[in-house]
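>>> okay, here's the prediction I keep looking at, along with the sequence it came from:
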Amino acid sequence: MIRALTTSATGLEAQQANIERISNDLANVNTDGYKRSRTEFQELMYETIKEAGGSLGAGSQTPVGIQNGMGVKVGANYKIFAQGSAKMTYHDYDLMIEGPGFFPVQMQNGEVGYTRTGAFHVDAQGRLMLSNGATMIPQITIPANAQNVLVNNAGEVKVTLPGQGEAVVGQIQLITFPNEQALTAIGNGIYKPNAGTGNPMQGIPGENGVGVIQQGALEGSNVDVAKSMVDMIATQRAYEMGTKVMGVADQMWGATANIK
């Protein structure tokens, strides 16, 4: 009876982790550039009571064995970097990546991070930066007297200067990874690489499989609300079944303990 209690407890812990993942996805349904997560479960170890193929005597063998499972655990929790829907803002410094790639940014602590959030602004020096203070790499500075700012699909930043005409002030670079699902989310829509992501690869937007830039738009969250609600209901039911198993195991244990 004790094993049934501990086995069902692992199920409750796993479903709790799943509902926490779903709640975070739904909380960020309107967060620009947010990527939904996915939770994978793995079964725990097995106790082998009888090996398959064991001898039954007289030269015969058992075709099957006996194994008791010990429950479930969360095997992985990672981001799904599917494209989010486009949100047209018509703001010059709002940039959306259509396809693979991340904007490289330098955070305030000096470290380099990568983001899909393209809501850029200009500071007092005209540098393109996010609202959290992370500046674009390579640094792009918009002149104070610029009248028009144009970012084409290839990431080339052009401005119109009074009496000088059009001038190129920068080139946006995008970064891709061999295994982007291994990226570590650190908040504010920024990710950091690790040993599992592979080396970052820099590219010009639109070349060698890298996404293109869309000016005046932002990438919305890729959370599917309907699917998340269905997952939430299924998780709730699985949690309820786990508690019922614990209740039944407790009743059976109690019945055994009360035998006179």
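Arrived safely, thanks for sending.
>>> contacts and neighbour counts: CA atoms only from here.
OK.
>>> which residues of the stretch 151-260 of the chain fall in strands?
156-161, 165-171, 174-176, 184-187, 190-192, 201-203, 212-215, 217-219 (DSSP state E, counting those that start in this stretch).
>>> just those: most buried one?
strand 217-219 (a mean of 25; mean count of other CA atoms under 10 Å).
>>> parallel or antiparallel, list what pairs with it.
The pairing partners recorded for strand 217-219 under DSSP bridges are strand 86-88 (antiparallel).
>>> buried residues in the strand it pairs with?
Buried positions in strand 86-88, judged by neighbour count with 16 or more other CA atoms under 10 Å: Ala86, Met88.
>>> kindly report the same for stretch 140-159.
Residues 140-142, 149-159 are the ones in stretch 140-159 that count as buried (16+ other CA under 10 Å).
>>> with pLDDT and distance to Asn208 added, can I get these in TSV?
Listed next are the buried residues of stretch 140-159 as TSV, based on pLDDT from 0 to 100; distance: CA to CA, whole Å:
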residue	pLDDT	distance to Asn208
Ile140	96	23
Thr141	95	27
Ile142	95	28
Val149	95	26
Leu150	96	23
Val151	97	19
Asn152	96	17
Asn153	96	14
Ala154	97	12
Gly155	96	14
Glu156	97	17
Val157	97	20
Lys158	96	23
Val159	96	27
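>>> re earlier: looking at the strands of the stretch 151-260 of the chain, which is closest to Leu44?
For Leu44, the closest of these is strand 184-187, at 25.4 Å, according to CA to CA.
>>> check the offset of that closest one from the chain's centre.
9 Å (CA atoms, centre = their mean, to the nearest Å).
>>> likewise stretch 245-260?
For stretch 245-260 - counting by CA atoms, centre = their mean - the centre lies 43 Å from the chain centre.
>>> in it, what counts as buried?
By 16+ other CA under 10 Å, the buried positions in stretch 245-260 come out as Val245, Met246, Ala249, Asp250.
>>> ditto for stretch 75-83
Asn77, Tyr78, Lys79, Phe81, Gln83.
>>> what sits against the fourth one?
The neighbours of Phe81, taking CA atoms under 8 Å, 6 or more residues apart in numbering as the test, are Lys35, Arg36, Glu180, Gln181.
>>> which one of those sits closest to Tyr90?
Nearest to Tyr90 out of these is Lys35 (CA to CA; 22.9 Å).
>>> quick check: the farthest pair among the contacts of Phe81?
Arg36 and Glu180 (13.4 Å).
>>> where does the chain have low pLDDT?
Applying pLDDT under 70 to the chain flags the ranges 1.
>>> so what's the residue sitting nearest the centre point of it up against?
Centroid check for the chain by CA atoms, centre = their mean gives Lys79 as the closest residue, at 1.9 Å. Taking CA under 8 Å, 6+ apart, we find Lys79 in contact with Lys35, Arg36, Ser37, Arg38, Gln181, Ala182.
>>> any idea which element the closest residue to Gln67 other than its chain neighbours lies in?
Of all residues not flanking Gln67 in the chain, Thr48 sits nearest, at 4.4 Å (CA to CA, 6 or more residues apart in numbering). Assessed by DSSP states H and E, Thr48 sits inside strand 46-50.
>>> which elements pack onto that strand?
Using 3 or more CA pairs under 8 Å, 6 or more residues apart in numbering; DSSP states H and E, the elements in contact with strand 46-50 are strand 66-69.
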